[in-house]
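**Student:** Sequence plus predicted model, see below.
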Amino acid sequence: MDVSIIIVNYNTKQLLKDCLNSIYEHTENISFEVIVSDNGSKDGSIEMLKAEFPQVILIENNANLGFGKANNKGLAIAKGKYIFYLNSDTILLNNAVKLFFDYFEENGKKENIGALGCNLLDKQGNINASYASYASYPNFNEKIIDLIHANYGLWKHILFKLIHKKINNTGKKKTYYEKKIGEVGFIIGADLFIENNEFAKFDEKYFLYLEETDLEWHLHKKTGKKCYLIEGPKIIHLEGESSKDSRMLPYYDLTSFSGQCKCISRVYYCKKNYSKFKSLIIKVLTLLLWLNPLIIKYTYKSIFKLLKA
């Protein structure tokens with residue numbers, strides 16, 4: 001088996017269907033299997049898979065295990081020489097799997113490749129978020145500055161609200177991404193093509209966010225292998241079209257579960273890769289942010305998870 005494509009699904013029935021259709025439409029001249037690790041979907045995803053894609057290897061987890069752990073379930077049974085971690089909200093536009101496979105086979109050793117990805121596209125065909133540089137790995141000093149700005153912005157908002165004055169908040173703005181070919185710091189987890197070995201396993205303590213960053217960082221640290229974006233594969237990533245860029249809320253929307261998971265993952269990442277002391281500083285500043293009267297009605301259920309991180 002050349003490639004095992006592993007997809008985690010959680011209530012994304014139509015997205016998953018479109019993703020699978022694109023895989024089977026475009027993937028040829030290569031042996032592959034598709035493994036879907038379902039995290040307890042209630043939207044008919046399981047029934048759709050069994051009826052329309054009987055060739056898919058289905059893992060029914062019966063609960064939301066998180067992104068990393070669900071991927072590891074697929075990895076445990078994968079037969080492919082390579083693993084292709086693919087988000088359910090992606091659409092393959094060409095024979096991307098074969099292009100990744102051929103590039104790794106031809107250039108893996110001489111370029112010391114650890115993982116491959118491509119320049120993802122949005123629905124309009126524009127370059128989407130696909131990678132980050134080594135300098136963009138979760139940086140302690142940067143996170144401290146972001147959290148101070150966030151706390152200052154929210155508590156200032158409370159103060160001004162009390163004295164009936166207005167404050168100008170930073171709004172949403174479109175982020176534009178540049179095309180990149182060659183070595184990058186890490187590839188986002190929407191399309192991660194990697195060898196099937198011990199370095200393909202995620203740290204299951206990450207529930208959501210930064211698990212692929214951590215995986216690729218340790219792959220690079222322990223083996224010296226590098227991450228590359230290559231020309232050729234064309235993949236649309238539907239859910240990454242825009243991002244919020246706000247000094248008040250640097251971790252995306254803290255009113256959402258996913259935004260809170262991002263905060264918790266950053267605390268754990270700092271604890272694992274920097275020090276417990278630095279992690280504690282990040283945790284305290286994050287907790288102060290979460291306890292803000294504007295935010296706590298959304299974050300109170302996740303505070304214990306933050307404290308445990």
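**Tutor:** Good, I have the coordinates.
**Student:** The stretch 101-250 of the chain: strands as residue ranges?
**Tutor:** Assigned by DSSP state E, counting those that start in this stretch, the stretch 101-250 of the chain shows strands spanning 113-117, 131-132, 182-184, 186-187, 191-195, 226-229, 235-237.
**Student:** who does the third one pair up with?
**Tutor:** If you go by DSSP bridges, strand 182-184 pairs up with strand 226-229 (antiparallel).
**Student:** Under the pLDDT cut-off, which ranges of the stretch 51-200 of the chain? List them.
**Tutor:** Confidence mapping of the stretch 51-200 of the chain against pLDDT under 70 gives the ranges 134-176.
**Student:** possible to save the strands of the stretch 101-250 of the chain as a markdown table with mean neighbour count and distance to I46?
**Tutor:** For the C-beta atoms, the positions are set from N, CA and C on the backbone; glycine is no exception. As requested, these are exported to a markdown table (neighbours: other CB atoms under 10 Å; distance: least, CB to CB, whole Å):
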| stretch | mean neighbour count | distance to I46 |
| --- | --- | --- |
| strand 113-117 | 24 | 29 |
| strand 131-132 | 18 | 33 |
| strand 182-184 | 16 | 36 |
| strand 186-187 | 26 | 29 |
| strand 191-195 | 24 | 24 |
| strand 226-229 | 22 | 34 |
| strand 235-237 | 22 | 24 |
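**Student:** Which one of these lies nearest to Y82?
**Tutor:** When the strands of the stretch 101-250 of the chain are compared by CB to CB, strand 191-195 sits nearest Y82, at 5.9 Å.
**Student:** So which elements touch that closest one?
**Tutor:** If contacts are counted by 3 or more CB pairs under 8 Å, 6 or more residues apart in numbering; DSSP states H and E, strand 191-195 sits against strand 82-86, helix 96-107, strand 113-117, helix 211-223.
**Student:** Could you list which residues are in contact with F199?
**Tutor:** Counting by CB atoms under 8 Å, 6 or more residues apart in numbering, F199 makes contact with G114, L215, H218, L219, K222, T223.
**Student:** what about K79, how many neighbours?
**Tutor:** If you count neighbours by other CB atoms under 10 Å, K79 ends up with 14.
**Student:** so what's it up against?
**Tutor:** Residues near K79 by CB under 8 Å, 6+ apart: M1, S4, E33.
**Student:** ok, now L16?
**Tutor:** Residues in contact with L16, defined by CB under 8 Å, 6+ apart, are I7, N9, V36, S45, M48, L49, S88.
**Student:** so the first one sits in a strand?
**Tutor:** So the one you mean is I7. Yes. Counting by DSSP: H, G, I helix; E, B strand; the rest coil, I7 falls inside a strand.
**Student:** now it: how far from K225?
**Tutor:** I7 sits 24 Å away from K225, going by CB to CB, to the nearest Å.
**Student:** Is Q260 in a helix, a strand, or coil?
**Tutor:** helix.
**Student:** hang on, it packs against T299?
**Tutor:** Yes. Using CB atoms under 8 Å, Q260 is in contact with T299, at 6.0 Å.
**Student:** And the furthest pair within the contacts of L16?
**Tutor:** I7 and M48 (13.2 Å).
**Student:** The two: which is more packed in?
**Tutor:** Neighbour tally, I7 and M48, criterion other CB under 10 Å: the higher count belongs to I7, 25 against 16.
**Student:** what about the strand or helix carrying V284, distance to the chain center?
**Tutor:** V284 belongs to helix 276-290 when elements are defined using DSSP states H and E. With CA atoms, centre = their mean, to the nearest Å as the basis, helix 276-290 stands 22 Å off its chain's centre.
**Student:** how about the following helix or strand past that helix: buried residues?
**Tutor:** Note on helix 276-290: by DSSP H and E, the next helix or strand toward the C-terminus is helix 296-299. Residues of helix 296-299 classed as buried by neighbour count (16 or more other CB atoms under 10 Å): Y298, T299.
**Student:** got the buried residues for whichever helix or strand comes after helix 296-299?
**Tutor:** Downstream of helix 296-299, the next assigned helix or strand under DSSP H and E is helix 303-308. Using 16+ other CB under 10 Å as the test for burial, helix 303-308 gives L306.
**Student:** can you list contacts of helix 303-308?
**Tutor:** With CB under 8 Å, 6+ apart as the test, helix 303-308 has contacts from Q260, C263, I264, V267, K283, T286, L287, W290.
**Student:** again, 7 Å this time
**Tutor:** Applying CB atoms under 7 Å, 6 or more residues apart in numbering, the set of residues contacting helix 303-308 from outside is C263, I264, V267, K283, T286, L287, W290.
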